[in-house]
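> Mind looking at a prediction? Sequence and model below.
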Amino acid sequence: MFGKKPQKTVFDMKLYRPVIMSSICTGEQTAGFKEISTGKFIGVEAIRSQEDLKRFCVEYGIELQDIKKEW
């Protein structure tokens, strides 16, 4: 329970694409992955600053220009 770090899920880039979902009303942003075949979004991390976005890119080995932004 406490002290354990959650396991990071590995996403196959052939099946998923990195996406930032942004709320039109509040501007809240969530980084995650969208399944290409179904369109299902899996949120991974809240993005509150540029450092959060950089950490997401480093953690999952993604280039910033590869991330699509959706509303």
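Yep, that arrived. Numbers count the residues shown, from 1 in each chain.
> what's near enough to touch residue 45?
30-32, 52, 55-56 (Cβ atoms under 8 Å, 6 or more residues apart in numbering). No exception for glycine: its C-beta is placed from N, CA and C like everyone else's.
> Pick out whichever of these sits closest to residue 19.
residue 32 (6.2 Å; Cβ to Cβ).
> who does the host helix or strand of the closest one pair up with?
If you go by DSSP states H and E, residue 32 is part of strand 29-35. Sheet pairing for strand 29-35, assigned by DSSP bridges, gives strand 16-22 (antiparallel), strand 41-47 (antiparallel).
> and the last one, what's its mean pLDDT?
Across strand 41-47, the average pLDDT comes to 95.
> try the first one
Taken as a whole, strand 16-22 carries a mean pLDDT of 96.
> Can you list the buried residues in that strand?
16, 18-21 (16 or more other Cβ atoms under 10 Å).
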